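Asks: With the sequence up front, the predicted model follows.
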Amino acid sequence: MWLLVVTAGLPAFAQQDAAGHPHPVTGRESEGRQPSHPNVLFIAIDDLNDWVGCLGGHPQTLTPHLDRLAGSGVLFTNAHCPAPACNPSRTAILTGISPHRSGLYSNRQKMREILPDAEIMPKTFSRHGYHSAGSGKLLHYFIDAPSWDDYFPSAAKENPFPRTLYPDQRPVSLPRGGPWQYVETDWGALEATEEEYGGDYLVAEWIAEQLSIGREQPFFLACGIYRPHEPWFVPEKYFEPFPLKEISLPPGYKADDLKDLPPEGKRRGPNRYFAHIRKHGQWKAAIQGYLASIHFADTMLGKVLDALDSSPHADNTIVVLWSDHGWHLGEKQHWQKFTAWRVCTRVPLIIRVPKGSPGLPQGTAPAVCSHPVNLLSLFPTLLELCGLPAESHHDGPSLLPLLGDPQGTGDPQGRWPHVAITHMADPGSYAVSGSRWRLIHYAGGDEELYDIESDPHEWHNRATNPEHASVIERLRRLAPTSFAPK
Ligand SMILES: [Ca+2]
């Protein structure tokens, strides 16, 4: 037996059976009614740098679905992570609290030991009447079960990953260089269908199924796509568009890029992973693995976007897509993450807002925004867009002024006064990303300055040029002056 439930102030169309279980519906939400609380589809992609078609980071990357989402919303081209590692970045995004105030700066700290009572985004939405559900990697290798109404795989296990196929013997791509070598530094094409592979395919399937359900409550639905996080194993068809002999090296790579860095920059650039990969002639194969993993992640995103488009929620759902930080593939002689350079702090960020959202009734128009923003702003932005009360402990400014006016700021003088701060694992080391300039400040005092307009790959450190002393001083003044102990 099907019931039609109409609830004032909530999405107006939902179908349930007699036991109260929601069922898929095929129609759009009833025409002419604007629910007061839009749904939120919150999509995280792990370790994705700017190798996205619409950001132009690598000429061979294949991301048609990211690009179509960008073409339908606001694409932020100067967005930065709160920290260049999974745990501190995701914790800051989902709690709204910056690393320099929480004291959570690194992957080795446990969120619930540092922040036992912090309310994360799904819980806040639940408290305001939303149905909060998630799948895949959203926090750092745990789920935080009490914060969700539903999770796949089952939240009780606290393991965010569904079954995933990996080769029996690993690593397959490199000999182990020693105990220091992260076993995830590994890649290869799998002779498997997507169904056999599992992983993000199962996450996307589950998210698609959730989207097909009509509900009387608005929803907060979080989709954590794990690729292109290492290891870069995906079904072989995702490797096929990238023949090994045609692979281009990273556009940001410059062999003598370290020579103008201060001692702290020279220390943090070169690492053993990159040297080991080159020693074994695997650089292009690794780039191929990253491109294949991005292509796979993008295809999974496409499944989710298609499911939204054909769902009853297509016209009433805010879509946010972000990556937790960037990734080096040899730039500054570095492999992985954990640095303050732009290749590592800059992330894809796309926000699409439907008409009728309380904070932005006109919705977003397709646009590109180049003002500096930080992912720390997502929590207050979503609360404001959904008409929910702001939380005074949140650190990020809401992005509402930019969503309504992406090229300007809503400010009569046309200014967006904010910069984006990215905190390193050692308190007091940070990067400040502005509209044109980026300052890297290490806790010991070393500094680097880059003019992103003329030098997007940060090949020319300007910090020693006295001509730029006032720029450095201005950016330094915009950074925090006190840092919670680790
Ligand atoms: Ca990550």
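Replies: Perfect, thanks for sending it.

Asks: Show me which residues of this protein sit near the ion.
Replies: Listed as neighbours of the ion in the chain under the rule CB under 5 Å from the ion: Asp46, Asp47, Cys86, Asp324. C-beta coordinates here come from the backbone N, C-alpha and C atoms, glycine included.

Asks: What distance do you get for the first one to Asn78?
Replies: Asp46 sits 21 Å away from Asn78, going by CB to CB, to the nearest Å.

Asks: Near Pro263, how many residues? Count them for me, please.
Replies: For Pro263, the count of nearby residues is 10 (other CB atoms under 10 Å).

Asks: let's number from 24 now, not from 1
Replies: From this message on, residue numbering opens at 24, which makes the last subject Pro286.

Asks: I'd assumed Glu470 was in contact with it.
Replies: No. Contact criterion CB atoms under 8 Å: Pro286 and Glu470 do not qualify, at 11.4 Å.

Asks: Not counting sequence-adjacent ones, nearest residue to Glu407?
Replies: Gly382 (4.3 Å; CB to CB, 6 or more residues apart in numbering).

Asks: Give me the number of neighbouring residues for the one you found.
Replies: When neighbours are defined as other CB under 10 Å, Gly382 has 19 of them.

Asks: what pairs with the nearest residue to Gly96 once chain neighbours are set aside across the strands?
Replies: Nearest residue to Gly96, sequence neighbours excluded (CB to CB, 6+ apart): Arg375, at 2.9 Å. According to DSSP bridges, the partner residues bridging Arg375 are Val342.

Asks: can you pull the contacts of Arg375?
Replies: Contacts for Arg375 (CB atoms under 8 Å, 6 or more residues apart in numbering) come out as Leu92, Ser95, Gly96, Val97, Ile341, Val342, Val343, Thr387.

Asks: Got the confidence number for it?
Replies: Here, the pLDDT recorded for Arg375 equals 98.

Asks: Likewise for Gly201?
Replies: Per-residue confidence at Gly201 stands at 87 (pLDDT).

Asks: how far away is the nearest residue to it once chain neighbours are set aside from the ion?
Replies: Leaving aside its chain neighbours, Gly201 sits nearest to Arg295 (7.9 Å; criterion: CB to CB, 6+ apart). Arg295 sits 20 Å away from the ion, going by CB to the ion, to the nearest Å.

Asks: residues near Arg295, how many?
Replies: If we define neighbours as other CB under 10 Å, then Arg295 has 15 of them.

Asks: Hmm, it is touching Arg199, no?
Replies: No. If you go by CB under 8 Å, Arg295 and Arg199 don't touch, sitting 11.6 Å apart.

Asks: okay, now the one residue in the stretch 324-473 of the chain that gets nearest to the ion: neighbour count?
Replies: Relative to the ion, the nearest point of the stretch 324-473 of the chain is Asp347 (4.2 Å; CB to the ion). Here the number of neighbours of Asp347 (other CB under 10 Å) works out to 29.

Asks: wait, what's in contact with it?
Replies: Neighbouring residues of Asp347 by CB under 8 Å, 6+ apart: Ala67, Asp69, Asp70, Cys104, Cys109, Ser112, Arg113, Ile116, Val370, Leu398.

Asks: Nothing else from me, thank you.
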